[in-house]
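Colleague: The following comprises the amino acid sequence and a computationally predicted model.
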Amino acid sequence: MNKTITIFGSANPIAGEEEYETAYRLGQILGQSGFSVCSGGFQGIMNAVSKGATESGGKAIGVTVDLFSSKKSEYLTEEIKCETLLSRIEKMVELGDAYIILSGGTGTLVEFSTVWEYVNKNLMPSKPIFAHGKMWEPMIGTIDNRLEFENKRTGIVKYLDNIEDFENELLKLL
């Protein structure tokens, strides 16, 4: 298949926590389905999705930047080093054939907003964008309401509550 799914999410979850285990399962699902995963290449959700993908025979690309004193994921099959945070985000967006946003903080919000805006403003071809995690559902609704008010395209981001649904959704679209 040779398609890459870029995953955005928090660096904080650890093994055994729900967010980590969800990302790990997602990595397994994507790896088993023949997708490669791309992430920021460090710990937390990035590590979990990389672990799940590589343990399932997939490829895990990490796009890193030396601004953080973070340990890179030991599950990466490829590392791409960037000079700046913005170039890192651009590279992760560039590599993705689709995007999945998991729970995270301000960094994840910037990544999510970037990919959404690029599609919204036709700065790149339209690609599937999915979000998972209760924090995103109300935000997607709020932004879509605003876009509708502005007579702009809505429905760019699809919210999925069940991690098992990603495989079918991606296979339908890619």
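Modeller: Thanks, I have the structure now. Numbering: from 1, shown residues only.
Colleague: can you list contacts of stretch 67-82?
Modeller: 11, 39, 41-43, 46-47, 50-51, 53-55, 59-66, 84-85, 88, 91 (C-beta atoms under 8 Å, 6 or more residues apart in numbering). The way it works is simple: take the backbone N, C-alpha and C, and place the C-beta from them, glycine included.
Colleague: What pLDDT does the model give the nearest residue to L102 once chain neighbours are set aside?
Modeller: The shortest distance from L102 to any non-neighbouring residue, by C-beta to C-beta, 6 or more residues apart in numbering, is to G9 (3.5 Å). For G9, the pLDDT comes out at 97.
Colleague: Can you pull out the low-pLDDT segments for this structure?
Modeller: 1, 174 (pLDDT under 70).
Colleague: just the helices in it please.
Modeller: Assigned by DSSP state H, the chain shows helices spanning 18-32, 45-55, 85-95, 106-120, 136-149, 165-173.
Colleague: Put together a markdown table for these, with distance to I156 on each row.
Modeller: Converted to a markdown table, these look like this (distance: least, C-beta to C-beta, whole Å):
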| stretch | distance to I156 |
| --- | --- |
| helix 18-32 | 21 |
| helix 45-55 | 22 |
| helix 85-95 | 14 |
| helix 106-120 | 5 |
| helix 136-149 | 8 |
| helix 165-173 | 13 |
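Colleague: Was I right to think W116 contacts G155?
Modeller: No: contact criterion C-beta atoms under 8 Å: W116 and G155 do not qualify, at 11.5 Å.
Colleague: who has more neighbours, these two?
Modeller: Neighbours were tallied for W116 and for G155 using other C-beta atoms under 10 Å; the higher tally belongs to W116 (19 against 9).
Colleague: ok, that one - contacts?
Modeller: When contacts are taken as C-beta under 8 Å, 6+ apart, W116 is in contact with I129, I143, I156, V157.
Colleague: Then L102?
Modeller: I7, F8, G9, S10, E19, T22, A23, L26, I45, T108, H132, G133.
Colleague: before we move on, the earlier item: over to the residue nearest to L102: give its phi and psi.
Modeller: When read as degrees, to the nearest 10, the backbone of G9 gives phi 180, psi 170.
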